[in-house]
Structure formats: structure tokens, C-alpha cells
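In: Provided below for reference: sequence and predicted model.
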Amino acid sequence: MGDSNDRIVIGLCTFNRHEPLKEALDSLAQIDIPEGTEVEFILVDNDKNEGAKYIFDAYIHDMPFKCYYFMEKNRGLAHVRNRVIEEALKLRATAIAMFDDDEIVAREWLVELYKVFKESGSDGVAGTVYRLLPMNSSDLVKKLWPNSKEPANISVKLLPTNNCLFSTNLVDPKGRNIRFDNAFNFSGREDLVFSFDALFQGAKFRSAPQAIVIEKFSKERSTFKYLLKRWFGTGITDAMVARHYSFGMGKRTLKEILSIAWRCLILPFLLLGGTRPPAAAILYITASLGWLCGLFGKKTNYYFKHID
């Protein structure tokens, strides 16, 4: 499986998440290295005050690979992820792996990503993310935000930056030369647009179900109020993506309008004690309203101040 010419660069982006970052780096220090590969690690800090530097310095001696710290002064998700790409190319990486600074990687995480990557011959692989909600989270939130079952090793269309590995051919100027789009710096979905740009150029992605990371949720992110905000923002960003590519907008808009009408019609019956809980219907209405707002130009800057 291994190839002595394979050099994997793990890229992690962070912004003012000091305690979660410590847990992320602690888990990273314990991962197994794929046989026959060279691995290096890049931490890109989006805090101009270099607030994560002291944490990085405290952990680099525990890492089983070379580590590099960079501060990216330009705020935004696309900026920091593109900085990872630029620095990885300078290190002559053949593949780049990514996860988020509020996640804990399993010991076999990188081995599993690399295994599927090599065996499938794909351009990128997506792992499994499990949500870890606080123990006192309500049953309603747990029901509305369940963990999905491990996917089979199948073709996928999304290369999520919270758990993925991809060939540098996607980003090399001599290859497909794809970058994360700055238009999605603070809205999210920058990884979806990156994935679409790659797919349009013929890239192939596979799922790596055993490559597991655990995303720890704070109390603030484990409420129904947060879910409403998240679903509304997702509706907006979905519309932003559709406008970006100018496809499927008419059909999707009709679908969202019908969804609102239908769910508003049945909502009174749900509130009066129907067999189905009204919370799910409210979330779908919220997402549809987000789509319509995004369709008419509303944007979301959710990640501009997002720290938790």
C-alpha cells in the first residue's frame, strides 16, 4: 500500500479555539502513520495576534512528524485553507489531509484515509464525523441531530474539510489548480464549492467509513435555537452556491415554496398533538426561508465571529 514517494501534509486551521485545539493536537500526536509515507503537519492560525502559537509550541515535541506554524492575516475559511494548500505545495506534498480544530482524530484516522485513497485510485476521500453532544443535551436535539451510520465505501460528491484527504493534483498549478473560493469565507460551504469545481474537472471522490473523527459540541451548539440558526444559514448558503453556478435555481425555489406551504398547513395539527413532532417541520420551514432569502441576495457571515 505504501509508496516511498508519498508525502502527506496534514493541514489544520484555527481561530481562537484554544481549548478544543489542545484536544485536537493531543489526538493528532497519537495517530498511526501509513506505512511507506512521509507525514508533515501544518497549523494555520487565523488570529493576527498568533494566539495559537503557544499551544503549537507546547505540542510539537510530542508529534511523530515535522510541524510548521503559520499565521494567515486575511480572515476567512477560504484564506486559511488556501494557505494550507500553498504551504503544502512548498513541502512537495503528494496528498493533503484536513480536519477541524474542534475535532479529535482516531488513532487509525490517517491510515484509513490513505488506505482508501490508494486502493480506490480516487482524487480524494471523505471520512466519517461523529457528533459528541453534551450529556445534558435535550432528547429533542439528539433526535433532530443524530449521527449518521457509517457509509459504505462508495462514490461521494462532497470532500468535507472536517475530515478528508485529497491528491495535490487537484491544487497543483500544473494539475487542476483548484482553490477555495473567497466568496464563501464566512458563510461556509467553501468545501462544497471546492468539491464541485473538482468534480466539474473530472475528479472522483470515495468515502472512507473507518477514518473517524469526533466533533465535540459545546452547550451553545446543542440547543434547538442553534439548530434554527444553523438551518437558516444553510438555506442561505445553498442559495449562494446555486447562484454561484447558476443552476437548478428555478426548480429548487419551487420546491422550497411548496415545502413552506405544505409544512405551514400541517404545522397547526402538529402543534395540537399530532403523532409527528412539530420541531422537524419548523426546521425545514426555516431552511426553506433561508433559501428564499439567499435567492434574493442575503448573505450569512456565520463564521466571522464563530469560535465555539
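Out: Structure received.
In: Any stretches of the protein with poor pLDDT?
Out: Counting by pLDDT under 70, the chain has low-confidence residues at 1-4, 149-150, 270, 273-277, 302-308.
In: domain parsing for it?
Out: Residue ranges of the domains in the chain are recorded as 7-216, 224-304, according to automatic domain parsing.
In: Just name the most buried of those.
Out: Ranked by average neighbour count under the criterion mean count of other C-beta atoms under 10 Å, the domains of the chain are headed by domain 7-216 at a mean of 19. Quick note: C-beta positions are derived from backbone N, CA and C, even for glycine.
In: Give me the distance between that one and the centre of its chain.
Out: Taking C-alpha atoms, centre = their mean, to the nearest Å, one finds the center of domain 7-216 at 8 Å from the center of the full chain.
In: quick one: terminal-to-terminal distance for that domain?
Out: Using C-alpha to C-alpha, to the nearest Å, the end-to-end distance of domain 7-216 comes out at 29 Å.
In: and what of stretch 211-228?
Out: 30 Å.
In: now stretch 244-254
Out: End-to-end distance for stretch 244-254, by C-alpha to C-alpha: 19 Å.
In: I would like the residues contacting it, please.
Out: By C-beta atoms under 8 Å, 6 or more residues apart in numbering, the surrounding residues in contact with stretch 244-254 are Asp181, Ala183, Val193, Phe196, Asp238, Ala239, Ala242, Arg243, Trp291, Leu292, Leu295.
In: what's the closest of those residues to Lys142?
Out: Lys142 has its nearest neighbour among the contacts of stretch 244-254 in Asp238, at 24.6 Å by C-beta to C-beta.
In: Would you enumerate the residues in contact with that closest one?
Out: Taking C-beta under 8 Å, 6+ apart as the definition, contacts of Asp238 comprise Arg189, Arg252, Gly290, Trp291, Gly294.
In: could you redo the last one with a cut-off of 10 Å?
Out: If you count contacts by C-beta atoms under 10 Å, 6 or more residues apart in numbering, Asp238 has them with Arg189, Leu192, Arg252, Glu256, Ala287, Gly290, Trp291, Gly294, Leu295.
In: Which of the helices or strands spans the second one?
Out: Element membership of Leu192, judged by DSSP states H and E, is helix 190-200.
In: Next secondary structure after that helix?
Out: Following helix 190-200 in sequence order, the next helix or strand is strand 205-216 (DSSP H and E).
In: Now do the next helix-or-strand element following that following strand and helix 190-200, the angle between them.
Out: Using DSSP H and E, the next helix or strand after strand 205-216 towards the C-terminus is helix 224-245. With axes from the mean of the first three to the mean of the last three C-alpha atoms, to 10 degrees defining the directions, helix 224-245 sits at 30 degrees from helix 190-200.
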